[in-house]
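In: Predicted coordinates and the sequence they were generated for:
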Amino acid sequence: MDSNDLCLPAITDQEADFNHWLQTRRTDTQRYFDPDPARPGTALSEMAELSVPLDAWPFVLTPQFLSRGALAALRTGLTAILDGIDIVLREKFQHDPGRLAAALRLPPRQRDVYRIGAAQDWARIARPDVVFDSSGAPWFVELNAGTPLGGIAMSAVLARMYDAWPESAEYLRGVGATYVDTVRALAEHLAEVDRLDRSRLMVVAYWGHEDDNMPSHSYLGLVRALGRYGITAVAAAVEDLDLDGEYIRYDGRRVDALYRFFDESDGTPGLKDDRWRHLVEHVDRGSVSLVGNLVGNVFVNKGFLAILSEAAASGSLPSSLAERINAALPWTRMIDDVAETVAQQRSAYVLKPADGCCGEGLVFGPATEQSAWEQAIDDAVTGEELWVVQRVVRPPVLRLASLGTGGMTFSEFSTSTGVFAVGRRFAGAIRRCDPTLGLNVTPSLGAAQGSVHVL
């Protein structure tokens, strides 16, 4: 993607000041943040303890600073979008799995789990993707409700690394910068809703045989952080759980809750499908609590944003709510409904597979030739999968500090913010930065992470 397709650099005054502050302390910065795995800097000691591959897991040193106004706008937008989807689910679909499945073209494996999972709050946990435009306004470009909150533990680890350097800790205190510890918010939610404490066990569960699992430090970081706030947790593969009794057990001990880092079975006969059905049975009869609910992949579907955007524009939502949604959610539609219109307005839109993730399949109009754009739209309309089209919110390009074995450098990154919500409330965030100036947010593919502080 060409940088001309993105916002001009719009770094905040506080971020620019922090960059300048780092430039005057290059030697100390290198010493405290040295990513050499053999002798990592003091500020990276927690990452090293979690076995984060410091030489292959990129991060930026410049925090994102959210003003109180930006935080208020985030909270307002988040609440409006969740409330709007509640109304759509109730009034448009009557919580009917069949109608919902038809509208979103859900595969059979997701239809029944929606029926079971409907008893839970679908928005219990979420990690929307937010892009701040050149004016500083936040736009929710993805919903990601019910997901395992990728980066949940790392967000606080990244924020805490500044505490290990007395001067950086003093700098942040001096400007009034704090951070929201997402895992602490999650632990408080689990204690209140699921009655979890040190006497009960939660398993952070994943499929042991999957090739695309999150890195081990994602699980271990969450387990460790939950323990800090009074929740007993272990990380284990689903294959290592005993599912045959009245309760799920791990290493002979009853499992009271599962934190879901695993996807559903695709219905193919075999070990995974058999274990998935057993898990669903336990959740259905209430023998175990599931965090990151069964319908997580349903509410990741971008079709919901298209349905909500249409509802906000059509007058089917209360006017005050519609105004708040329109101020936070970019115009989004099912491509089938607007194909001819958007085909001729390539520079204004991005085309997305409704059930895609991590930018897979995304077609960014401003960076695509007209003929390729028209072909992509035709393929989306005639194919079996559901696609949506969304007004482009150009991710800002910011000059941020990072540190490698060669020392500190300042480079341009396109940026977005992963916002964490727990119990429908803002619960922290993590900065995601793409050095290729594209839309990649996946660390394993080269995207960098950074901390988010509130002023």
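Out: Here it is on my side, so go on.
In: any idea which residue sits dead centre in this structure?
Out: Centroid check for the chain by C-alpha atoms, centre = their mean gives residue 127 as the closest residue, at 3.7 Å.
In: Where does the prediction get shaky in the protein?
Out: Scanning the chain with the threshold set as pLDDT under 70 gives 1-11, 109-119, 147-148, 150, 211-212, 265-269, 293-297, 358, 405, 438-446.
In: so what are the domain limits for it?
Out: 29-148+160-179+299-330+393-454, 181-291 (the TED database).
In: what lines up beside the longest strand anywhere in the chain in the sheet?
Out: Ranked by residue count and defined by DSSP state E, the top strand of the chain is strand 407-422. Using DSSP bridges, the strands paired with strand 407-422 are strand 125-126 (antiparallel), strand 129-132 (antiparallel), strand 397-404 (antiparallel), strand 425-434 (antiparallel).
In: do you know which of those strands lies nearest residue 379?
Out: Checking the strands paired with strand 407-422 against residue 379 by C-beta to C-beta gives strand 129-132 as the closest, at 24.0 Å. Where you see a C-beta, it was placed from the backbone N, CA and C, and this is true even at glycine.
In: Name the next helix or strand downstream of the closest one, please.
Out: strand 138-142 (DSSP states H and E).
In: who does that next one touch, helix- and strand-wise?
Out: Strand 138-142 sits against helix 68-87, strand 129-132, with contacts defined as 3 or more C-beta pairs under 8 Å, 6 or more residues apart in numbering; DSSP states H and E.
In: Dump the C-alpha coordinates for the first one into PDB.
Out: As requested, C-alpha coordinates have been extracted for helix 68-87 and formatted as PDB (Å, rounded to 0.1, in the frame of the first residue of the first chain):
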ATOM      1  CA  ARG A  68     -10.000  12.000  28.100                       C
ATOM      2  CA  GLY A  69     -12.100  13.100  25.100                       C
ATOM      3  CA  ALA A  70     -10.900  10.300  22.900                       C
ATOM      4  CA  LEU A  71     -11.600   7.800  25.700                       C
ATOM      5  CA  ALA A  72     -15.100   9.200  26.200                       C
ATOM      6  CA  ALA A  73     -15.700   8.900  22.400                       C
ATOM      7  CA  LEU A  74     -14.500   5.300  22.500                       C
ATOM      8  CA  ARG A  75     -16.800   4.400  25.400                       C
ATOM      9  CA  THR A  76     -19.800   6.200  23.800                       C
ATOM     10  CA  GLY A  77     -19.200   4.400  20.400                       C
ATOM     11  CA  LEU A  78     -18.700   1.000  22.000                       C
ATOM     12  CA  THR A  79     -21.900   1.300  24.000                       C
ATOM     13  CA  ALA A  80     -23.900   2.500  21.000                       C
ATOM     14  CA  ILE A  81     -22.800  -0.300  18.800                       C
ATOM     15  CA  LEU A  82     -23.500  -3.000  21.300                       C
ATOM     16  CA  ASP A  83     -26.900  -1.600  22.200                       C
ATOM     17  CA  GLY A  84     -27.800  -1.300  18.500                       C
ATOM     18  CA  ILE A  85     -26.900  -4.900  17.800                       C
ATOM     19  CA  ASP A  86     -29.100  -5.900  20.800                       C
ATOM     20  CA  ILE A  87     -32.000  -4.200  19.200                       C
END
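In: Report the buried residues of that helix.
Out: Applying a neighbour-count criterion of 16 or more other C-beta atoms under 10 Å, the buried positions in helix 68-87 are 70-71, 73-74, 77-85.
In: between those, which is nearest residue 277?
Out: So of these, ranked by how close each gets to residue 277 (C-beta to C-beta), first place is residue 85, at 28.3 Å.
In: wouldn't that closest one be in contact with residue 301 here?
Out: No. In this structure, residue 85 is not within contact of residue 301 by C-beta atoms under 8 Å, at 11.1 Å.
In: Turn the helices and strands packed on strand 138-142 into a markdown table, including distance to residue 424.
Out: Output for the helices and strands packed on strand 138-142, formatted as a markdown table (distance: least, C-beta to C-beta, whole Å):
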| stretch | distance to residue 424 |
| --- | --- |
| helix 68-87 | 6 |
| strand 129-132 | 16 |
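In: These: which one's closest to residue 291?
Out: Checking the helices and strands packed on strand 138-142 against residue 291 by C-beta to C-beta gives helix 68-87 as the closest, at 17.4 Å.
In: Show me how far the closest one is from its chain's centre.
Out: Centroid separation between helix 68-87 and its chain, computed with C-alpha atoms, centre = their mean, to the nearest Å, is 16 Å.
In: now it and strand 138-142, what's the angle there?
Out: Between the axes of helix 68-87 and strand 138-142, defined by axes from the mean of the first three to the mean of the last three C-alpha atoms, to 10 degrees, the angle is 40 degrees.
In: Tell me which other helices or strands helix 68-87 touches.
Out: strand 138-142, helix 303-314, helix 319-326, strand 407-422, strand 425-434.
In: Please identify which of those is closest to residue 224.
Out: Taking C-beta to C-beta, strand 425-434 is the member of the helices and strands packed on helix 68-87 nearest to residue 224, at 16.6 Å.
In: Show me which positions of that closest one end up buried.
Out: 426-434.
In: ok so, going back, how about the domains of the chain in a markdown table, adding distance to residue 361?
Out: Below are those laid out as a markdown table (distance: least, C-beta to C-beta, whole Å):
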| stretch | distance to residue 361 |
| --- | --- |
| domain 29-148+160-179+299-330+393-454 | 11 |
| domain 181-291 | 16 |
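In: What are the boundaries of the strands in the stretch 151-300 of the chain?
Out: Using DSSP state E, counting those that start in this stretch, the strands of the stretch 151-300 of the chain run over 201-206, 232-237, 249-250, 253-254, 257-260, 289-291.
In: now the ones you listed as TSV including mean neighbour count and distance to residue 392?
Out: As requested, the strands of the stretch 151-300 of the chain are exported to TSV (neighbours: other C-beta atoms under 10 Å; distance: least, C-beta to C-beta, whole Å):
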stretch	mean neighbour count	distance to residue 392
strand 201-206	24	34
strand 232-237	18	39
strand 249-250	16	46
strand 253-254	15	50
strand 257-260	25	32
strand 289-291	22	34
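In: Make JSON lines out of those and add distance to residue 454.
Out: Shown next, in JSON lines, are the strands of the stretch 151-300 of the chain (distance: least, C-beta to C-beta, whole Å):
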{"stretch": "strand 201-206", "distance to residue 454": "27"}
{"stretch": "strand 232-237", "distance to residue 454": "27"}
{"stretch": "strand 249-250", "distance to residue 454": "37"}
{"stretch": "strand 253-254", "distance to residue 454": "39"}
{"stretch": "strand 257-260", "distance to residue 454": "26"}
{"stretch": "strand 289-291", "distance to residue 454": "25"}
